[in-house]
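*Asks:* Pasting a predicted model and its sequence here:
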Amino acid sequence: MKTLITTIRAISYLCVLATVILAAVWFIADVNRIEPITVGLGALSILLISLASILQHRYDKASTKIPGDMSQDELLSLVVSSDPISNWDVSYSGSQVLAVYKEYPDLRIEHAHSSEYLHSDDFREKWANKFPDSHAASYYYDLYYGPTRLRRIVLVHVDGGRAILPMPQSAVDLSIEEISFNVARIFDNFGTLDDYFHRSGLALVGDQSKAL
């Protein structure tokens with residue numbers, strides 16, 4: 001569809017250019033036999049431009065979904081591809097933390113410093129306890145759309161809370177899912193994620209270099 005729209009637009013622009021040239025010749029040389037060709041090309045260019053606009057509108061409508069029309073996998077992909085600053089609003093109220101997707105407020109991440117969200121108050125894995133302050137604690141961050149919880153993600157607060165890191169597959173498999181990494185980015189208030197991620201030896205899934 002996109003290729004067809006581009007082709008129609010290109011032809012319409014050529015018709016417009018040809019119409020302008022013929023109109024100039026008609027005006028300057030007063031060649032009457034050019035008149036019907038000029039008028040015909042002008043009408044054709046208008047029709048093609050209108051057709052391209054109609055097809056573009058249908059294409060945009062078909063390719064754009066709102067979260068309510070999306071599958072769970074599509075919603076998770078939206079979170080993965082989102083920008084933590086331009087797409088999310090993060091607010092704090094006492095111990096409650098809420099990140100809301102700006103364009104679709106029903107898509108949100110909820111967290112609180114409470115027993116409900118506590119995963120482990122003494123998290124022990126080598127990658128998390130290697131910093132000057134060796135204590136680490138892990139918490140749940142719940143991703144919702146409306147009343148439906150899409151995913152429960154564990155983030156680990158390390159080095160006395162100086163950084164929040166995504167939890168890897170296991171203590172020996174330090175690969176990180178993209179969605180966990182991006183949720184950690186959303187709550188990276190101190191801007192320390194990249195540095196601590198590298199120092200911990202964590203790596204995104206498929207990244208064998210263990211570096212960003």
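*Replies:* Happy to help now that I have it.

*Asks:* alpha carbons only for contacts and neighbour counts from here, please
*Replies:* Fine.

*Asks:* my read: Ser45 touches Val16, true?
*Replies:* Yes. The criterion here is C-alpha atoms under 8 Å, and Ser45 meets it with Val16 at 5.8 Å.

*Asks:* More neighbours: the two, which one.
*Replies:* Ser45 (23 against 20; other C-alpha atoms under 10 Å).

*Asks:* give the contact list for the nearest residue to the more buried one once chain neighbours are set aside.
*Replies:* Using C-alpha to C-alpha, 6 or more residues apart in numbering and skipping residues adjacent in sequence, the residue nearest Ser45 is Ser12, 4.7 Å away. By C-alpha atoms under 8 Å, 6 or more residues apart in numbering, Ser12 lies in contact with Leu44, Ser45, Ile46, Leu48, Ile49.

*Asks:* For Ile11, grab phi and psi.
*Replies:* The phi and psi values for Ile11, taken as degrees, to the nearest 10, are phi -60, psi -40.

*Asks:* Likewise for the one 5 residues further on?
*Replies:* For Val16, the backbone dihedrals are phi -60, psi -40 (criterion: degrees, to the nearest 10).

*Asks:* Surely it is in contact with Leu41?
*Replies:* Yes. In this structure, Val16 is within contact of Leu41 by C-alpha under 8 Å, at 7.3 Å.

*Asks:* Tell me the secondary structure at Asn189.
*Replies:* coil (DSSP: H, G, I helix; E, B strand; the rest coil).

*Asks:* what about it, neighbour count?
*Replies:* 13.

*Asks:* Look up how far Pro84 lies from it.
*Replies:* The gap separating Asn189 from Pro84 is 10 Å, by C-alpha to C-alpha, to the nearest Å.

*Asks:* for His111, same thing?
*Replies:* 16 Å.

*Asks:* Tell me who's in contact with Gly160.
*Replies:* Gly160 makes contact with Asp133, Ser134, His135, Ala136 under the criterion C-alpha under 8 Å, 6+ apart.
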